[in-house]
Each structure stands twice: as C-alpha cells, then as structure tokens.
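J.: make a model of this:
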Amino acid sequence: MRREAPHPARWWTAVPDAAGPRFRCDLCPRACLLRPGQRGFCFVRAATDEGIVLTTWGRSSGFCVDPIEKKPLYHFLPGTPVLSFGTAGCNLGCRFCQNWDISKAREMDRLQSRATPEAIARAAAETGSRSVAFTYNDPVIFAEYAIDAALACRERGIAAVAVTAGYVSAGPREEFFAVMDAANVDLKAFSDDFYRRLCSGRLGPVLDTLRYLVRETRVWVEITTLLIPGENDGDAELHALSAWVRDELGPHVPLHFTAWHPAWRMDGRPTPPSTLRRARRIAREEGLHFVYTGNVHDPEGGSTWCPGCGALLVERDGYALGRWGLDADGCCARCGTPIPGRFEARPGTWGPRRQAVRFR
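T.: This next block holds a predicted model:
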C-alpha cells in the first residue's frame, strides 16, 4: 500500500530542551509533550524532527449514510440523511467506550478508506446527504481533516456536524467550531471523579466547551449522557447535571439520556429502560424543555413535545418519524410556541436506513 506523507498539525509549540527536539501538542487539555518518534495519548498525532503531524488526514475507518437522528440530533433537519465517517484513536480513555474498535484502534493501516475533503463533499451531494457528520471517534483529534472537509462541504451547501466529547483547548476549539453547523456533545457525567477514574480526563474542559458553544457561537447544540448503572445515574447527580444545563446553557438545549451496554473494559448489566425514564423525569422537573431517551424502544421519550401546550410535535419510533406538528416557521402548529433548532416546512423522508459508501 502506498504511504503518503503525514499532514502537518496546526496546534503545537516547540519546547526548548537541551536533550533535543521536543514539542507540546496544544490541541487538547492533555498538552502531550513529545519527542520525535513519539505519539500523543490519542495515538494519531505524532512528533517528527520538525514538529507534530496528523497521521490520519484523508484516511477513514469507513463512510456511511445515516439518519441524522442517529447522531443523535433531534432538532437539526429531522428525517434527513447525513454522511458519517470517523478515523481512529481518541483523546479520552473511556473504559466503557461503545465504539472501542474504532476509537481505541492503534493500527493505522486498518484505515482503508481514503478520501480528500472534496471527494467527501462530492459523495455527500451524490447521496443526497444534507450534512456530513464527523463521528464514530472524536473529530477533535482529526480537526485539520474535519475543518478541511467542512469547508469543502460548505461550498456545496452541505452542513457540517461534530459528534464530540468536547475535550479541546480554547484556541483550536474556536477554529474547529467556526466551520460546524451543529454538534452533539457527549457529557459523560457530572462528576470530575467519574472523568478521572473512567475517562482519564477532567470534567471542567467539557463544561467550558458547552458554555462556549451555546453562548458564543451559532452552532446548534444537543447533549448526550450515557447512563451507566451505579456510576453516573444517581438522582442527586442527575438533578445537578440538569440544573447546570438549565442555568448555564438554557432550558431549550436538548438533553439525551442513552442506555449503556457492556463494552471495552467495563462489565455489568445494561442500563434498564426505567433508569432512562427516571432521568428524563428528573430533567423535566428541573425545567428542561426537551429531554430524550435513546438506545431503548421508548416512543414517548424519543418524541418532541411542545413545552407550551404539550402537543406532539415530532413523533419518533426509533429513527422513523411519524406525526409532524410543526408549522412552516418551526413553531407548534397548535399554540404557536417557537421550537428551537433548525427545522424545515416538512421533515425529510430518509427514515432508519443505513447505506455504506465506498470511494473509488
């Protein structure tokens, strides 16, 4: 297989050292210090004699057209197809990772799909995708590639979506999200102890990212919390998380509670549906308007309801849409309450399909 030269990274600093070249990666809060030949925690950013490079630019673990609801994004172009792809590696070390075969990959040669940003934009257009999602593993670690692809898509009127844990430093964060139209941020728990024990990270930078996105950008934001029995599903933590979203971000920001299944390095019983329903009830008691359940069959918890009159606005059964109760302006057709998000006069018709895409 032909090997291409690694792509130069954008965010790093040379660190004076009498023992030889050393570089600090400035992309995320880890600030990995690397000597030539070493890789960062994410494994995909590596040091050479001249600086830091991104080893996965133009390389992917695969492309697929998904429903936008799978990201999950429920208030962003409902019912439309999204071209999804990821690379390999991650800058968090979650022991419960649900995509561990991709995010924990350490063999770059498994990335067989090669595509330039222009080819990605062209494939999105040809498949009728309204957006492109950087997902499966965290796009923060392949930010240069994601930015280039997002810009190519923008030229064709195709939106860019980031599915991310939000573990990124301030400078790169601003550049990265400047080209994104929507983001689902994975708020893994509302406990710094959880982040340190189970993710090898910290909670603070994620909260900073959420505040930045909602207060300082026009990116449409939704939040997902994967509930793990006995770890982050206690009533007190769910009340605290929901109150923080309400007070710091606003009651209009959608919050998704999803079910965990044993994976990677954590065993245990899967999250019961009753836990998700309890979490949804708590979040609604705290004043959040749009709270959803996921990874379980729960049409009520997966549907959008008007916070003004209680009418059913977007009926969902899994990834299939049913009743549509919004008017052409994105307001409740019954009472006129404006519903935040990016809606069109009618929903898309993609449904729950999943379509693989191969690049020649």
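J.: where does this protein have its least confident helix or strand?
T.: helix 100-103 (a mean of 55; mean pLDDT, DSSP states H and E).
J.: can you get me a residue count around residue 9?
T.: With neighbours defined by other CB atoms under 10 Å, the count for residue 9 comes to 24. All C-beta spots, glycine's among them, are computed from the backbone N, C-alpha and C.
J.: quick check: closest non-adjacent residue to it.
T.: Closest residue in space to residue 9, ignoring its immediate chain neighbours: residue 52 at 4.2 Å, by CB to CB, 6 or more residues apart in numbering.
J.: what does residue 190 give?
T.: Residue 190 sits nearest to residue 241 (CB to CB, 6+ apart), 3.8 Å away.
J.: same deal with residue 72?
T.: Among residues not flanking residue 72 along the chain, residue 256 sits closest, at 5.3 Å (CB to CB, 6+ apart).
J.: sheet partners, orientation included, of the helix or strand where the one you found lies?
T.: Following DSSP states H and E, one finds residue 256 within strand 255-259. Partners of strand 255-259 in the sheet, by DSSP bridges, are strand 220-227 (parallel), strand 291-294 (parallel).
J.: for residue 119, find the nearest of these.
T.: Taking CB to CB, strand 220-227 is the member of the strands paired with strand 255-259 nearest to residue 119, at 26.1 Å.
J.: just checking, next helix/strand downstream of that closest one?
T.: helix 235-244.
J.: what angle sits between that following helix and strand 255-259?
T.: With axes from the mean of the first three to the mean of the last three CA atoms, to 10 degrees applied, the angle from helix 235-244 to strand 255-259 works out at 150 degrees.
J.: could you list the domains of this structure?
T.: 1-55, 59-298+344-357 (automatic domain parsing).
J.: give the pairing partners of the helix or strand hosting residue 321; include direction for each.
T.: Assigned by DSSP H and E, residue 321 falls within strand 320-324. Strand 320-324 pairs in its sheet with strand 312-317 (antiparallel), by DSSP bridges.
J.: straight-line length of stretch 165-180, end to end?
T.: Length of stretch 165-180, first residue to last, CA to CA, to the nearest Å: 15 Å.
J.: ok, and what's touching that stretch?
T.: If you take CB atoms under 8 Å, 6 or more residues apart in numbering as the criterion, stretch 165-180 is touched by 10-11, 26-29, 31, 91-92, 138-140, 143, 146-147, 150-151, 154, 160-162, 183, 185-188, 201, 205-206, 208-210, 212-213, 217, 219.
J.: got it, and stretch 197-214?
T.: Stretch 197-214 has contacts (CB under 8 Å, 6+ apart) with 28-29, 41, 91-96, 165-170, 173-174, 177, 183, 185, 187-192, 194-196, 219, 221, 223, 231, 244, 248-250, 253, 266.
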